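Enquirer: Quick one, fold the following:
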Amino acid sequence: MSVMHLSVTDWLGWTATAVFVGSYFFRRPAVLRGFQMLGSALWILYGVLIGAKPVIAANILVFAAAAWTLARGGAARAPAADAAGRGA
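Expert: Next comes the predicted model:
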């Protein structure tokens, strides 16, 4: 199937995939969490459009976990590897 023949649903699925995978290239935890939340929101919409309850449920959990981590300030903390490297 060529790119020109992708449905809106397919475009949404591929966009969600790109956003979610792209989130792992950010070093700042807050940005990573934000992109995870955006990707999971797109996946939730995709799941609704195709009627896939497992996709919806899994991504509600991902969205909630990323939001909770971001809200509790965990995203602002330095990763353990960085802390260990500072001689702390």
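
Enquirer: quick one: contacts of the top helix by length along the chain?
Expert: The helix that spans the most residues within the chain, counting by DSSP state H, is helix 29-50. Counting by Cβ atoms under 8 Å, 6 or more residues apart in numbering, helix 29-50 makes contact with 9, 12-13, 15-17, 19-20, 22-24, 26, 52-56, 58-60, 62-63, 66-67, 69-70, 74-77, 79, all of which sit outside it. C-betas here are computed from N, CA, C, even on glycine.

Enquirer: show me where pLDDT drops low in this protein?
Expert: 1-3, 74-88 (pLDDT under 70).

Enquirer: Helices of that one, start to end?
Expert: In the chain, the helices defined using DSSP H lie at 8-23, 29-50, 53-71, 80-85.

Enquirer: Turn the ones you listed into TSV, columns for mean neighbour count.
Expert: Rendered in TSV, the data for the helices of the chain read as follows (neighbours: other Cβ atoms under 10 Å):
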stretch	mean neighbour count
helix 8-23	15
helix 29-50	19
helix 53-71	15
helix 80-85	10
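
Enquirer: ok, so what distance separates the residue sitting nearest the centre point of the chain from Gly51?
Expert: Nearest to the geometric centre of the chain sits Gln36, at 2.0 Å (Cα atoms, centre = their mean). Taking Cβ to Cβ, to the nearest Å as the criterion, Gln36 is separated from Gly51 by 24 Å.

Enquirer: Equivalent analysis for Thr69, please.
Expert: Applying Cβ to Cβ, one obtains 29 Å for the distance of Thr69 from Gly51.

Enquirer: Kindly report the same for Met37.
Expert: Counting by Cβ to Cβ, the gap between Met37 and Gly51 amounts to 23 Å.

Enquirer: His5 now?
Expert: Remark: distance between His5 and Gly51 (Cβ to Cβ) = 22 Å.

Enquirer: Having no further points to raise, I will conclude here.
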